[in-house]
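>>> Show me the folded form of this:
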Amino acid sequence: MENTLENTQLNKKELLDKSIETINSLFQKYEKNEYVLNRLNNHITSLSSIIENELFNYEKRIDRNNYLCNEQQLFIKVFLEKNQYYYLHTNSNYYEYDGIRYHIIKEDDIVHKLLSNISRDRVLLDWKHKTKNNILKLIKERNLFESIPDSETIQNVFSILYPYVFNNKTYAKYMLTIIGDNIFKKNQHLIFLISPHMKKFLLKLEYISSNFLGINNLSSNFMSKYHENHKYENCRFLHMNEKISENVYTEILKNNGLDILCVAAHYSKRFQHSDLFIENKATEDIKKYVYYLKNNNTNDMINDFCDTYIIENKSTNSNISCKMEWKQLHFLWKQFLTNNHYQNMVYSQTLKSLFQDKYVHEGDTFFNITSPYLPIQSEFLKFWNSTIHTLDYNDNSFVNDIEIDEICGLFKCWSKNTQTNNPYKNQFIQEDDALSIIAHFFPDIEIVEDKYLLNIISLEWDKINDIEKAIEYINNDKQQLIKTDTSLDKIILSVDEIYNLYYNYCNTVPNKLVVSKRFFEKYIYYYFKNKIVFDKFIKLDDLLHM
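Numbering: from 1, shown residues only. A predicted model of the protein is given here:
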């Protein structure tokens, strides 16, 4: 403090000495010029009033500057509070949060709004560019992921994810926390095993992340297949609603993807990381499922499977078959995984060796074991092998197909009508189970959209023959279709009307199976393609004389 005062006094003395020196120098320089000396004297005499005036103006400028600084700080505070703008350096994008939704916004739009507010306020007109630059600088310091979503935003995200994408709210929160961890690159050693359906969902979310945030590889640690390099202790299971259509979640992500990502970042910060979320927020059942691989080894999993799906039966007097082929056993293992929403974590050959160590076997046949799930599987295979035939296909042939719900209905009818003492006759099979059996035992069958089985026919139900019989029925009853004074060759019917006639025909036959409208239209457009008029009509005469 003393040194500061001493330095100040020294500076003042130096200034005084310099001022005196300057005046002396001027007097010496112009000592023979009376005019200049008089002018110099006048200036020195009036110096006091000049200094006072300059001091007054200086203090006035300081006061105004302080006033404008205060007004600017107040304006900036109010503007940034009312307008939640953020920035990401990863892609140099600005973002706006309106309390409900997040949006990307252009810098020009922010500047326009900013300058418009300054113009209305008018106080900062002289400082508008300075104020604009200060605010843009402050916005660039506000990272998007530092924003805290309001409750309404969070609830909107949950109403989207649950129950449509996830059938449990905890899984939805868990997934969000994982995504947030990936945004901040936390716990990169963890592997999340998911279904291929969910992988598609996450790849679309990653696409949005790349476009909106400039963040790539958001789903890189989500795997739809287990690899032997993955350590069980680092693996986690996550289950998604498999029934949701890809079109539905694509639209969801398109409209709400940025909100989902921002809530995910918030959850990662709130819960620290995904494992802590499971530890602190999940039920024991969910914790057991997520940590299944972390808490179990391969033998534990085999024992889990065997406890539920396998019955050891060493009695030679049993009426139930006490042997099982490897293909059947392998299918049951897949069924165990599917029913528990586990991804396959044991390679086929390794699995087979483990079962060979556990049970008596000869080649691919395992003895003294059966399964409560085997009868329906065996019955379905008998039904398929005895009633379903594959067709040769070429580019010009009609692509025959049977829908999976039709297969299940045919199986139920076959099971009911089969003359056998089998206690498992008259069984009903779920569509998912039927699809799994077909995909496993008949891998050459082409299945489209998990619904249509192509190039097969049923010996129990000739769909094309049914349609042809319906057309014969329409031909026999054609007079009902002919209006007074209208010639037969002028009557045209839409494909919908023809299907209704077919449907009426089916109602005349007890327990008659009905082909779907899709298949019926495919048949009409293939076999009557040269007779179609106005895109979807056929002349009645053409229909009845094919």
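
>>> hey, let's count contacts and neighbours off CA atoms from now on
Fine.

>>> The spatially most central residue of the chain and residue 251: what is the separation?
Centroid check for the chain by CA atoms, centre = their mean gives residue 201 as the closest residue, at 3.5 Å. Residue 201 sits 11 Å away from residue 251, taking CA to CA, to the nearest Å as the criterion.

>>> again with residue 194
21 Å.

>>> Which one's more surrounded, those two?
Shown here are residue 194 and residue 251; by other CA atoms under 10 Å, residue 194 has more neighbours (21 against 11).

>>> contacting residues around that one?
Residue 194 is in contact with 222-225, 237-240, 343, counting by CA atoms under 8 Å, 6 or more residues apart in numbering.

>>> Quick check on it: phi, psi?
Dihedral pair for residue 194: phi -130, psi 170, per degrees, to the nearest 10.

>>> picking up where we left off before, surely the residue nearest to the centre of the chain forms part of a helix?
Yes - Residue 201 forms part of a helix when assessed by DSSP: H, G, I helix; E, B strand; the rest coil.

>>> And the contacts of residue 194, which of them are buried?
Buried members of the contacts of residue 194, counted by 16 or more other CA atoms under 10 Å: 222-224, 237-240, 343.

>>> quick one: low-confidence ranges for the stretch 351-500 of the chain?
For the stretch 351-500 of the chain, the stretches flagged by pLDDT under 70 are 395-396, 419-427, 477-490.

>>> Mind jotting down where the helices sit in it?
For the stretch 351-500 of the chain, the helices defined by DSSP state H, counting those that start in this stretch occupy 374-387, 404-417, 431-441, 463-476, 495-507.

>>> Then the stretch 51-200 of the chain?
107-121, 128-140, 151-161, 169-183, 196-213.

>>> and these, which is most packed in?
The highest mean neighbour count among the helices of the stretch 51-200 of the chain, using mean count of other CA atoms under 10 Å, belongs to helix 169-183: a mean of 23.

>>> Put the alpha carbons of it into PDB.
Below are the C-alpha coordinates for helix 169-183, written out as PDB (Å, rounded to 0.1, in the frame of the first residue of the first chain):
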ATOM      1  CA  LYS A 169     -40.400 -47.400 -17.800                       C
ATOM      2  CA  THR A 170     -37.200 -48.500 -16.000                       C
ATOM      3  CA  TYR A 171     -35.800 -49.900 -19.300                       C
ATOM      4  CA  ALA A 172     -36.600 -46.600 -21.000                       C
ATOM      5  CA  LYS A 173     -34.700 -44.700 -18.400                       C
ATOM      6  CA  TYR A 174     -31.900 -47.200 -18.500                       C
ATOM      7  CA  MET A 175     -31.500 -46.900 -22.200                       C
ATOM      8  CA  LEU A 176     -31.500 -43.000 -22.000                       C
ATOM      9  CA  THR A 177     -28.800 -43.200 -19.300                       C
ATOM     10  CA  ILE A 178     -26.700 -45.500 -21.600                       C
ATOM     11  CA  ILE A 179     -27.100 -43.100 -24.500                       C
ATOM     12  CA  GLY A 180     -26.100 -40.200 -22.300                       C
ATOM     13  CA  ASP A 181     -23.000 -42.100 -21.200                       C
ATOM     14  CA  ASN A 182     -22.100 -42.700 -24.800                       C
ATOM     15  CA  ILE A 183     -22.500 -38.900 -25.500                       C
END
